[in-house]
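> have a look at this prediction, sequence included:
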Amino acid sequence: MTLVKQKPIVPPTHINEIMYAMWPAQALKAATQCHIFEALEKNAKDAKEVAKELKLDPRGTELLLDAIVSLGFLSKAGSPAKYSIAATDIGEQARTYLIAKSPLYVGPWFASGEELGKMWRNLGDNIKSGKGVMEVNKDHEAVDIFPKLAEAIFPMSYATAKQVATLLKTDKIKTEWLVLDLAAGSGVWSIPFAEASPKVKVDALDFDAVIKVAKHFTKKYAVEDRYAYIAGNWRDVQIKVNAYDIVILGHILHSEGKEVSKELLKRCFEVMKPGGRLVVAEFIANDERTGPVFPIMFALNMFLATSEGCVFSEGELKEMIEEAGFKKPYRLTPDHVVVIAEKP
Ligand SMILES: C[S@@+](CC[C@H](N)C(=O)[O-])C[C@H]1O[C@@H](n2cnc3c(N)ncnc32)[C@H](O)[C@@H]1O
């Protein structure tokens with residue numbers, strides 16, 4: 001009998017991780033719904049104490065606490081084990097974003113994110129047919145989707161937006177800056193500029209239905225007296241030319257697609273003062289389009305949600321910005337990508 005040497009069978013570890021990727025998200029959502037982080041905000045507690053305080057099932061509570069420990073948000077020590085919010089960067093994220101009374105609480109995102117997640121259920125069929133699920137780049141769908149979405153995503157961008165306003169030395173300005181926040185949503189990218197200096201004035205442009213959301217946030221951050229609003233589609237409304245020191249495009253290019261994005265960048269160039277700067281926030285793929293995972297997945301999300309939407313690579317985005325007339329585009333922040341360029 002001859003022995004055939006067989007290649008060992010590889011276990012499906014990577015496939016497993018991907019297949020069960022929704023479990024951590026659901027566990028985190030459950031922890032916020034059950035107010036686990038609020039219960040542990042001040043003191044460490046054991047599972048029984050947490051369950052009693054929050055009127056939860058003791059067995060489920062212990063299992064959920066362990067799950068949240070495994071995700072890094074909580075730490076566990078002693079016998080019986082006491083749980084506390086981890087004294088790490090991840091624990092700090094829990095304190096900032098997962099406690100309901102925090103101004104940056106992401107609770108509403110769990111609901112909106114889940115709603116958007118439904119778009120993905122039949123991706124295979126959509127790939128076969130070439131048809132997405134919605135077209136948020138069309139006005140009537142945009143006004144249905146964006147008021148809630150713009151509100152829910154505020155916490156995702158605020159920390160980076162603060163960083164951008166600081167890196168552009170907004171707090172040191174000597175003369176007034178006029179900022180155009182185009183497709184402003186909640187105003188998350190311009191509010192930090194207004195917070196950094198009383199010399200900043202902002203025109204926030206978006207559909208009327210979304211401007212209500214911007215008004216809510218500018219009031220919450222006490223900058224509403226320096227905001228004016230331009231309601232409507234950016235293609236149709238009048239915008240002052242050669243007027244703005246800063247023009248912000250926060251997460252709008254990806255839903256417009258390449259050709260309309262080029263048009264929009266040209267429009268930004270016209271309305272900006274010479275010497276003004278463009279701020280573009282986007283999810284950006286590497287030039288080979290092999291990663292990072294999130295922007296590459298986001299491109300599929302745009303396939304499902306828009307007729308033209310896409311994700312640009314850094315090189316592609318810089319090229320489009322230069323083609324519109326801007327000079328020296330550079331990447332300001334490493335993670336959440338913000339590209340800055342100047343009008344000569
Ligand atoms: C993904 S949200 C981003 C909002 C905000 N800039 C942010 O980063 O959180 C896109 C925004 O663009 C607005 N928008 C989309 N198409 C638009 C258009 N043609 N004219 C004006 N606003 C538009 C939407 O209403 C929405 O508020």
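Nice, thanks for sending it over.
> may I have the phi/psi pair for the residue in the stretch 201-344 of the chain positioned nearest to the ligand?
Closest contact between the stretch 201-344 of the chain and the ligand, by C-beta to the nearest ligand atom, is at residue 250 (3.1 Å). All C-beta spots, glycine's among them, are computed from the backbone N, C-alpha and C. Backbone torsions of residue 250, given as degrees, to the nearest 10, read phi -100, psi 110.
> roughly how far does it sit from residue 274?
For residue 250, the distance to residue 274 equals 23 Å [C-beta to C-beta, to the nearest Å].
> give me the residues contacting the helix or strand harbouring residue 178.
Secondary structure assigned from DSSP states H and E places residue 178 in strand 177-182. Strand 177-182 is contacted by residues 170, 187, 189-190, 193-194, 197, 199-205, 234, 239, 243-250, 252, 264, 268, 271-272 when judged by C-beta atoms under 8 Å, 6 or more residues apart in numbering.
> can you check stretch 8-24 too?
67, 71.
> off-centre distance for it?
Chain-centre distance of stretch 8-24: 27 Å, with C-alpha atoms, centre = their mean, to the nearest Å.
> between the two ends of it, how far is it?
End-to-end span of stretch 8-24 (C-alpha to C-alpha, to the nearest Å): 31 Å.
> list the buried residues in that stretch.
Within stretch 8-24, no residue counts as buried by 16 or more other C-beta atoms under 10 Å.
> and that stretch, what's its mean pLDDT?
Regarding stretch 8-24, the rounded mean pLDDT is 95.
> what's in contact with stretch 163-175?
177, 189, 192-193, 195-197, 199-200, 246, 277, 279, 281, 332-333, 338, 340.
> so which of these belong to strands?
Those of the contacts of stretch 163-175 mapping onto strands are 177, 200, 246, 277, 279, 281, 332-333, 338, 340, per DSSP state E.
> flag every residue of the stretch 151-300 of the chain that's near the ligand.
Within reach of the ligand by C-beta under 6 Å from any ligand atom, the stretch 151-300 of the chain has these residues: 153, 157, 183-186, 188-189, 205-207, 210, 233-235, 250-252.
> from those residues, which land in strands?
205-206, 250.
> just put the residues you listed in JSON lines and tack on neighbour count and pLDDT.
Output for those, formatted as JSON lines (neighbours: other C-beta atoms under 10 Å; pLDDT from 0 to 100):
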{"residue": "205", "neighbour count": "23", "pLDDT": "98"}
{"residue": "206", "neighbour count": "29", "pLDDT": "97"}
{"residue": "250", "neighbour count": "26", "pLDDT": "97"}
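> quick one on the thing from earlier: okay, buried residues for the strand holding residue 178 please.
Buried-residue list, strand 177-182, by 16+ other C-beta under 10 Å: 177-182.
> kindly report the same for stretch 189-206.
189-197, 199-206.
> please tell me how far it is from the chain's geometric centre.
Relative to its chain's centre, stretch 189-206 lies at 19 Å (C-alpha atoms, centre = their mean).
> what pLDDT does residue 146 get?
Confidence score, pLDDT, at residue 146: 88.
> was I right to think it contacts residue 184?
No - counting by C-beta atoms under 8 Å, residue 146 stays clear of residue 184, with 10.5 Å between them.
> quick one: end-to-end distance for stretch 274-289.
34 Å.
> let me see the mean pLDDT of it.
Stretch 274-289 comes out at a mean pLDDT of 95.
> for it, buried residues please.
So, applying 16+ other C-beta under 10 Å, buried residues of stretch 274-289: 276-285.
> over to stretch 250-266?
250-257, 260-262, 264-265.
> residues contacting whichever residue of the chain sits closest to the ligand?
Residue of the chain nearest the ligand, by C-beta to the nearest ligand atom: residue 185 (2.4 Å). Residue 185 is in contact with 146, 149-150, 153-154, 206, 210, 213-214, 250-251, counting by C-beta under 8 Å, 6+ apart.
> output the below-cut-off pLDDT ranges for the stretch 1-150 of the chain.
Within the stretch 1-150 of the chain, the ranges that satisfy pLDDT under 70 run 1-3, 139.
> rerun at 90
Low-confidence segments of the stretch 1-150 of the chain (pLDDT under 90): 1-7, 107-117, 134-146, 148.
> so the residue of the stretch 201-344 of the chain closest to the ligand makes contact with residue 183?
Yes - Residue 250 is within contact range of residue 183, at 6.8 Å (criterion: C-beta under 8 Å).
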